[in-house]
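>>> Next one to model:
(chains A and B)
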Number of protein chains: 2
Amino acid sequence: MSDTVLKPGATIGILGGGQLGRMLAVAAAELGFRCHIYSPEGESPAFDVAAARTVSSYENESALAAFAGSVDVVTYEFENVPAATAKFLAEQIDVLPSPRALAISQDRLSEKELMQSLGIGVAPFARVDGVADLEAALDRLGRPAILKTRRLGYDGKGQVAIREGDDPAHAWDAVGHKPSVLEGFVSFAREVSALVVRGRSGETAVYDITENVHRNHILATSTVPAAIAPATADAARAIAIRVADALDYVGLLAVEMFVVETGGGETLLVNEIAPRVHNSGHWTQDGCLVSQFENHIRAVAGWPLGATERHSNAVMTNLVGAEADDWHRLAAEGGARLHLYGKSETRLGRKMGHVNRIAPKR
Amino acid sequence: MSDTVLKPGATIGILGGGQLGRMLAVAAAELGFRCHIYSPEGESPAFDVAAARTVSSYENESALAAFAGSVDVVTYEFENVPAATAKFLAEQIDVLPSPRALAISQDRLSEKELMQSLGIGVAPFARVDGVADLEAALDRLGRPAILKTRRLGYDGKGQVAIREGDDPAHAWDAVGHKPSVLEGFVSFAREVSALVVRGRSGETAVYDITENVHRNHILATSTVPAAIAPATADAARAIAIRVADALDYVGLLAVEMFVVETGGGETLLVNEIAPRVHNSGHWTQDGCLVSQFENHIRAVAGWPLGATERHSNAVMTNLVGAEADDWHRLAAEGGARLHLYGKSETRLGRKMGHVNRIAPKR
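Sure, this is the predicted structure:
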């Protein structure tokens, strides 16, 4: 990796204009950087806090070339940037995290294979390219099990549970006959995530392990500290660093894990990784001096990483759909900090904002 | 005052595009607002984080009218907005803090007269409209004394000290023969400021009193907690609230005070007030859950005020001129958060950024 260090005043290019891009742009501005947001959507929340904007598709090579020419580094706010887009840009300018890290984390199968190769536990899984594969996998992994497309899944999209009596062919239809992975059922005690940031020289820092609760496949709350044993937290940090190192990763990486209780102890299984700032790290905005957003920007800019220590305990609660209509009451709540994303249209299941509630660290 | 409550997505107009406007715009964005910055300077730091920008003079009525028509409320980042500009805008749209509060705090004499009328201590002072006034004032107040223009002074500009042997006529020349105030010398133990936010319905909240150290007339550091007696801190808070109430103020008001040691006790004298977010409140970004910037936006938007409690002790250090060139070392310092303003040109005496160093609250 190049040892470039961007100076204040440099321009950071961000692919994607949603709330993560918005919060990255704010963090970048606080360090004196300018941001140029590239998004196919004309109404992108990140545009409102960026010095420059491009509205174009990820396939428009002339727009991409102009974008690359106007910035000092490119990063992205979500993992579904087409691999070809990242590769095309990388011929002109540093793209961080690397297109390779992006490609691996875009594909559930290569993600799981990477974990296996690193000796990191994952739920039992099988590759599924058709109904015959699926039937064989169900015989091996048992039911219930979850069929997930290898690509483009998020917030529960692109996945279907298969229970006793369900017809595998229906499940295969439900995922649109797309290359998939069947995951065996894991009876986990809790879900946690490790947020690791890795710099251009390979240095790493990990935030305190976060405990996550999902509702309707969407993250509902993230809590620090997590109710896990100190040794489990240490193991979770070590896993995150191992994955980041293996990917020669630069930036903020989120590693979601299941905590399984086994004979009095706790075992970790990696569920999935996200090569970007992550919803389960939003608490760092108000629980730490340096947020995940700032640390991502520091890493891609070649800056020293910021400290990941917490000054407070924190609970992050997402505001999904109409929950954000309650903004006035939330704004009046002591010990709570409200974050809204400036989205003009409230839609069912759409993340509109979040609240961080903090309390003294005991 | 109107009881308007702006909804998320509304647009906040900010007069002035410097670092205070920039930090206000970021705070507004975090609550889901859009910002429109109006500045006469083509290269304004706040432009990089705003949804809309106008570059025009404060005298251009058609540009001002278009600006007023595009926003839901107008506020400002500095007190030297021409009173006529504020008045012109106020005929079309809410301008907060009010043009009256702005007018009073633009004039050192009316500011001091207000304090007197409220029974709040100030340094001995005299109105000076010519050399004869000045000589009479020097006879009364003694030397050393400081001659300050009534208007447009900041960071030590527009003021001159008069010591034994100095010629009053020279001092009068030095302030450009502008209407001025002579202030008697105050032997103070320390300087503090109270940051009070007052909402549209008159509710107030005050941050912990900040202790300030100036160097070359420019703020160097702000520290919380201040090394003052609890009763003095309470008195400082009460003064700030009294001033804000008297001005029917809406937004963040900074009240700078001298702490004078008198017979084992501490007496407060108000030095000056600033009708805006203030450099001595920058520590609130990292020492509190809700910063002065967010609380100013909440107030002008008609929102509930945010809590002003500290979660940490804090020391803010300004980066003036070339001090900001040290950004790489500062970025690597643990317990420190670096803020840079994105100014392209470093100039002597120019505020380029600041650092907040936090520590656990004991």
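
>>> From here on, just use CA atoms for contacts and neighbour counts.
Will do.

>>> Okay, now the unreliable bits of chain A?
A:1-3, A:153-156 (pLDDT under 70).

>>> same thing but 90
A:1-4, A:79-80, A:83, A:151-158, A:216-217, A:262-264, A:344-349, A:361-362 (pLDDT under 90).

>>> what packs against the longest helix anywhere in it?
In chain A, assigned by DSSP state H, the helix with the most residues is helix A:230-246. Contact analysis of helix A:230-246 by 3 or more Cα pairs under 8 Å, 6 or more residues apart in numbering or on different chains; DSSP states H and E lists strand A:190-198, strand A:204-206, strand A:251-262, strand A:265-274 as its packing neighbours.

>>> one more time with 10 Å
helix A:108-117, strand A:190-198, strand A:204-206, strand A:251-262, strand A:265-274 (3 or more Cα pairs under 10 Å, 6 or more residues apart in numbering or on different chains; DSSP states H and E).

>>> need the helices for chain A, in chain order.
A:19-30, A:61-70, A:83-90, A:99-105, A:108-117, A:131-141, A:168-174, A:230-246, A:284-287, A:292-300, A:327-331.

>>> and the longest helix of chain A, C-alpha only, in PDB?
C-alpha atoms of helix A:230-246 as PDB (Å, rounded to 0.1, in the frame of the first residue of the first chain):
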ATOM      1  CA  PRO A 230     -13.800 -10.300  28.700                       C
ATOM      2  CA  ALA A 231     -12.000 -13.200  27.000                       C
ATOM      3  CA  THR A 232     -14.800 -13.400  24.400                       C
ATOM      4  CA  ALA A 233     -14.400  -9.700  23.700                       C
ATOM      5  CA  ASP A 234     -10.600 -10.200  23.300                       C
ATOM      6  CA  ALA A 235     -11.300 -13.000  20.900                       C
ATOM      7  CA  ALA A 236     -13.700 -10.900  18.900                       C
ATOM      8  CA  ARG A 237     -11.100  -8.100  18.600                       C
ATOM      9  CA  ALA A 238      -8.400 -10.600  17.600                       C
ATOM     10  CA  ILE A 239     -10.700 -12.100  14.900                       C
ATOM     11  CA  ALA A 240     -11.400  -8.600  13.500                       C
ATOM     12  CA  ILE A 241      -7.700  -7.800  13.300                       C
ATOM     13  CA  ARG A 242      -7.000 -11.200  11.600                       C
ATOM     14  CA  VAL A 243      -9.600 -10.500   8.900                       C
ATOM     15  CA  ALA A 244      -8.400  -7.000   8.300                       C
ATOM     16  CA  ASP A 245      -4.800  -8.100   8.000                       C
ATOM     17  CA  ALA A 246      -5.700 -10.900   5.700                       C
END
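
>>> which of the residues in it are buried?
A:232, A:233, A:236, A:237, A:239, A:240, A:241, A:242, A:243, A:244 (16 or more other Cα atoms under 10 Å in any protein chain shown).

>>> now stretch A:287-299
A:287-299.

>>> Look through the stretch 251-362 of chain A and state the residue closest to chain B.
residue A:342 (4.0 Å; Cα to the nearest Cα).

>>> need the contact list for that residue.
Going by Cα atoms under 10 Å, 6 or more residues apart in numbering or on different chains, residue A:342 touches A:18-19, A:22, A:44-46, A:48, A:352-353, B:8-10, B:28-34.

>>> Now it. Its backbone dihedrals?
phi 70, psi 30 (degrees, to the nearest 10).

>>> Show me chain A divided up by domain.
Domains of chain A are assigned by automatic domain parsing as A:11-95, A:124-184, A:190-360.

>>> would you list those in JSON lines and tack on distance to residue A:114?
Formatted as JSON lines, the domains of chain A follow (distance: least, Cα to Cα, whole Å):
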{"stretch": "domain A:11-95", "distance to residue A:114": "17"}
{"stretch": "domain A:124-184", "distance to residue A:114": "13"}
{"stretch": "domain A:190-360", "distance to residue A:114": "8"}
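
>>> who wins for proximity to residue B:348 among these?
Closest to residue B:348 of those is domain A:11-95 (Cα to Cα; 18.4 Å).

>>> near chain B at all, that closest one?
Yes: for domain A:11-95, a contact with chain B is found by Cα under 10 Å from any Cα of the partner chain, at A:22-23, A:25-36, A:45-52.

>>> Quick check on the residues you listed: which are buried?
Judged by 16+ other Cα under 10 Å, buried ones among the residues of domain A:11-95 next to chain B: A:22-23, A:25-36, A:45-52.
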